[in-house]
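Q: Have a look; sequence and predicted model below, questions after that.
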Amino acid sequence: MTDPTPDLTPFPERCLTVVMPCYNEIATIDEVVAAVLASPHVAELIVVDDGSTDGSREILAQLDDPLLRVILQPTNQGKGAALRRGFSEATAPFVVVQDADLEYDPLEFGDLIAPLLSDKADVVYGSRFLGGRPHRVLYFRHSIGNKLLTLTSNLFTDLNLTDMETCYKVFRREVLESFTLEESRFGIEPEITAKVAAGRWRVYEIGISYSGRTYAEGKKIGWRDAIRAFYCIIRYSPVGVAFAGGTQSAE
């Protein structure tokens, strides 16, 4: 009988780079930074401020922690551009995306990295639709849109995800180093999924909690982003890449 306890010795306790895009999140940025830095798994937090104009930069300038690095984009370029910059600066063995609001809970980092630590996965998605964890009840149309996007992505990638659009994606750093990301806005979510699938990396899903917010509370994604996401699903699929005359994993 094999020992069910995973061998965690290859990695230190602090083995996680957190990349946090931030754009006009003055109401939550200090609280979410504190929550991330309180995690025993975090080796570094890279906040990429994407041209905030609401005072978020001033809040970030006041925060002082040896694990925190703040990168200031000169202008607003989009979540994808912020993630590309943050990924390029990551140094820990694992990398996770954390939004600068309070929709996702850093207390769940341990669950997310468990399949990586036990060498069962190369990429872990935190699914808002899997398992029995609590989530705030909000927009029905958003839930339908998320499921349609995930279904369409699955058709083109042959993965069996339940939540392609989730923020919580955790990677071995070498996974991110194996491909070049191009999308500058929310289209980066289906692009990442397509390129992970093309690389045949091992993917796991973990159920997570979700405390969604309303547009009045600062939610930014809109219907135009959904249209772009459908485009990106096709564009970065093998069919789309072949049509464009390129390769998905080329540097």
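A: Structure's in. What do you need?
Q: what pLDDT, on average, does stretch 184-195 get?
A: Computed over stretch 184-195, the mean pLDDT rounds to 95.
Q: Now find how far off-centre it is within its chain.
A: 10 Å (Cα atoms, centre = their mean, to the nearest Å).
Q: Just the C-alpha atoms of it, please, in PDB.
A: Extracted C-alpha coordinates of stretch 184-195, given in PDB (Å, rounded to 0.1, in the frame of the first residue of the first chain):
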ATOM      1  CA  SER A 184      -4.000  42.300 -23.300                       C
ATOM      2  CA  ARG A 185      -7.500  42.200 -21.900                       C
ATOM      3  CA  PHE A 186      -9.800  39.400 -20.500                       C
ATOM      4  CA  GLY A 187      -9.100  37.300 -23.600                       C
ATOM      5  CA  ILE A 188      -6.100  36.000 -21.800                       C
ATOM      6  CA  GLU A 189      -8.200  33.500 -19.900                       C
ATOM      7  CA  PRO A 190      -9.200  31.400 -23.000                       C
ATOM      8  CA  GLU A 191      -5.700  32.000 -24.500                       C
ATOM      9  CA  ILE A 192      -4.000  30.500 -21.400                       C
ATOM     10  CA  THR A 193      -6.400  27.500 -21.400                       C
ATOM     11  CA  ALA A 194      -5.800  26.800 -25.100                       C
ATOM     12  CA  LYS A 195      -2.000  27.000 -24.700                       C
END
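Q: So what touches that stretch?
A: Counting by Cβ atoms under 8 Å, 6 or more residues apart in numbering, stretch 184-195 makes contact with 77-81, 83-84, 149, 153, 156-157, 159, 161, 164-166, 169, 179, 181-183, 221, 225, 228-229, 231-233, 235-237, 248-249, all of which sit outside it. (Glycine included, C-beta is placed from N, CA and C.)
Q: got the buried residues for stretch 54-73?
A: 56-57, 59-60, 67-68, 70-71, 73 (16 or more other Cβ atoms under 10 Å).
Q: Equivalent analysis for stretch 169-179, please.
A: The neighbour-count check on stretch 169-179 (16+ other Cβ under 10 Å) flags 169-172, 175-176, 178-179 as buried.
Q: isn't residue 80 right next to residue 183, touching?
A: Yes - using Cβ atoms under 8 Å, residue 80 is in contact with residue 183, at 4.2 Å.
Q: next one: stretch 188-204 to chain centre, how far?
A: Here stretch 188-204 shows a centroid-to-chain-centroid distance of 12 Å under the convention Cα atoms, centre = their mean.
Q: Among the buried residues of stretch 169-179, name the ones in strands.
A: Among those, DSSP state E puts 169-172 in strands.
Q: returning to what we had before: now, the most widely separated pair of the buried residues of stretch 54-73?
A: 67 and 73 (20.8 Å; Cβ to Cβ).
Q: Any idea which residue is closest to the centre of the chain?
A: In the chain, the C-alpha nearest the mean C-alpha coordinate belongs to residue 97, at 3.5 Å (Cα atoms, centre = their mean).
Q: do you know how far it is from residue 58?
A: In this structure, residue 97 and residue 58 are 24 Å apart, going by Cβ to Cβ, to the nearest Å.
Q: Please indicate which of the contacts of stretch 184-195 are buried?
A: Buried among those by 16+ other Cβ under 10 Å: 77-81, 83-84, 149, 153, 156-157, 159, 161, 164-166, 169, 179, 181, 183, 221, 225, 228-229, 232-233, 235-237, 248.
Q: and residue 16, what are its phi and psi?
A: Dihedral pair for residue 16: phi -130, psi 120, per degrees, to the nearest 10.
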